[in-house]
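Novice: here is my input; please provide its structure:
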Amino acid sequence: MSGEVRVIPLRGIPELEVGDDLAAELAAAIERAGGLEAGDVVVVAQKAVSKVEGRVVSLEDVEPSPRARELAGEAGDPRRTQVILDEARVVVRSRPPLVIAETRHGFVCASAGVDASNAKGPGTVVLLPVEPDASAAGLRARLAELGGVAPAVVVSDSFGRAWRTGTTDIALGVAGMAPLRDLRGEPDAAGQELHTTQIAVADEVAGAAELVMGKACGIPAAIVRGVDLPVGAGSGAELVMPRERDLFR
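Specialist: Residues are numbered from 1 along each chain as shown. Here you go, the predicted structure:
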């Protein structure tokens, strides 16, 4: 059981460019914040990862297809919609200019994760990392190299929810921790056996970190400390609902 949980913003990380050493910037910010402790999770905003990995598109370079123009409608930018289609495995629902799509990772989200907020300026959009779990693992290995401690790492992003207003951050990529706490077969407080309960701890950690990172704070990372992490290793891919269990498509 967890006791007190702390969320520590990692301040002073500059605007990032393709090829920048994000882990070095994180390590410096971690040192300024007092260093790491055993069991810490470093949560990094997806956009920070995507920027250094070159996952930024200038809309000036995009030629929209007829399908993109149709889905954009009168209110949308068909160039942005074209980028969404390029990133999508399948369009799940649409109401111009809104597109809900399944990405190649299996995430079902608005705009296939293509986002203009906190991008590189007007006319640019940021895409999701190609392999968020690999991004998390790479940051974890580099942080261990720089600081001698290998924290768990979560790459997070804001997702909407089908039956709730507003967004909350979730884990796209995970390294150094199990993303789920599986309570199936264990007794609840009343002694009854739990049959389906799995806790998405990595998502909860991402949501906690967002409380100090925010959309407009200029803080792309945080340490979440004091969580009783599930034992073992795993990946963000484990949090994607398998298609055979998806009751809503």
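Novice: go ahead and confirm F107 touches P129.
Specialist: No. In this structure, F107 is not within contact of P129 by Cβ atoms under 8 Å, at 11.3 Å. Every C-beta, even on glycine, is put in place using the N, C-alpha and C of the backbone.
Novice: so which elements touch the lengthiest helix in the chain?
Specialist: Of all the elements of type helix in the chain, the one with the most residues (DSSP state H) is helix 132-147. Helix 132-147 makes packing contacts with helix 22-32, strand 41-45, helix 46-52, strand 152-161, strand 164-175 when contacts are defined by 3 or more Cβ pairs under 8 Å, 6 or more residues apart in numbering; DSSP states H and E.
Novice: how far is that helix from where the chain is centred?
Specialist: 15 Å (Cα atoms, centre = their mean, to the nearest Å).
Novice: my read is L71 is in a helix, agree?
Specialist: Yes. Counting by DSSP: H, G, I helix; E, B strand; the rest coil, L71 is part of a helix.
Novice: pull up the gap between it and S94, please.
Specialist: Counting by Cβ to Cβ, to the nearest Å, the gap from L71 to S94 is 5 Å.
Novice: same question for G39.
Specialist: G39 is 43 Å from S94, by Cβ to Cβ.
Novice: just G147 next, same as before
Specialist: 45 Å.
Novice: quick check, central residue of the chain?
Specialist: Nearest to the geometric centre of the chain sits S156, at 2.4 Å (Cα atoms, centre = their mean).
Novice: worst-scoring helix or strand of this structure, pLDDT-wise?
Specialist: strand 181-182 (a mean of 80; mean pLDDT, DSSP states H and E).
Novice: elements contacting that one?
Specialist: strand 198-199.
Novice: just the CA atoms of the helix or strand just after the strand it packs on, as PDB, please.
Specialist: Sequence-wise, the next helix or strand downstream of strand 198-199 (DSSP states H and E) is helix 201-213. Extracted C-alpha coordinates of helix 201-213, given in PDB (Å, rounded to 0.1, in the frame of the first residue of the first chain):
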ATOM      1  CA  VAL A 201      -1.000   2.200 -12.200                       C
ATOM      2  CA  ALA A 202       1.100   3.700 -15.000                       C
ATOM      3  CA  ASP A 203      -1.900   5.800 -16.100                       C
ATOM      4  CA  GLU A 204      -2.500   6.900 -12.600                       C
ATOM      5  CA  VAL A 205       1.100   8.000 -12.300                       C
ATOM      6  CA  ALA A 206       0.800   9.900 -15.600                       C
ATOM      7  CA  GLY A 207      -2.300  11.600 -14.400                       C
ATOM      8  CA  ALA A 208      -0.700  12.600 -11.100                       C
ATOM      9  CA  ALA A 209       2.300  14.100 -12.900                       C
ATOM     10  CA  GLU A 210       0.100  16.200 -15.100                       C
ATOM     11  CA  LEU A 211      -1.100  18.100 -12.000                       C
ATOM     12  CA  VAL A 212       2.200  19.900 -11.900                       C
ATOM     13  CA  MET A 213       3.200  19.800 -15.600                       C
END
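Novice: ramachandran angles for I219?
Specialist: phi -120, psi 100 (degrees, to the nearest 10).
Novice: my guess is it contacts R11, does it?
Specialist: Yes. Between I219 and R11 there is a contact under Cβ under 8 Å: 6.0 Å.
Novice: quick one, domains of this protein?
Specialist: 6-54+129-239, 56-126 (automatic domain parsing).
Novice: to D246, which of the ones you listed lies closest?
Specialist: domain 56-126 (8.5 Å; Cβ to Cβ).
Novice: now the end-to-end length of the closest one.
Specialist: Using Cα to Cα, to the nearest Å, the end-to-end distance of domain 56-126 comes out at 5 Å.
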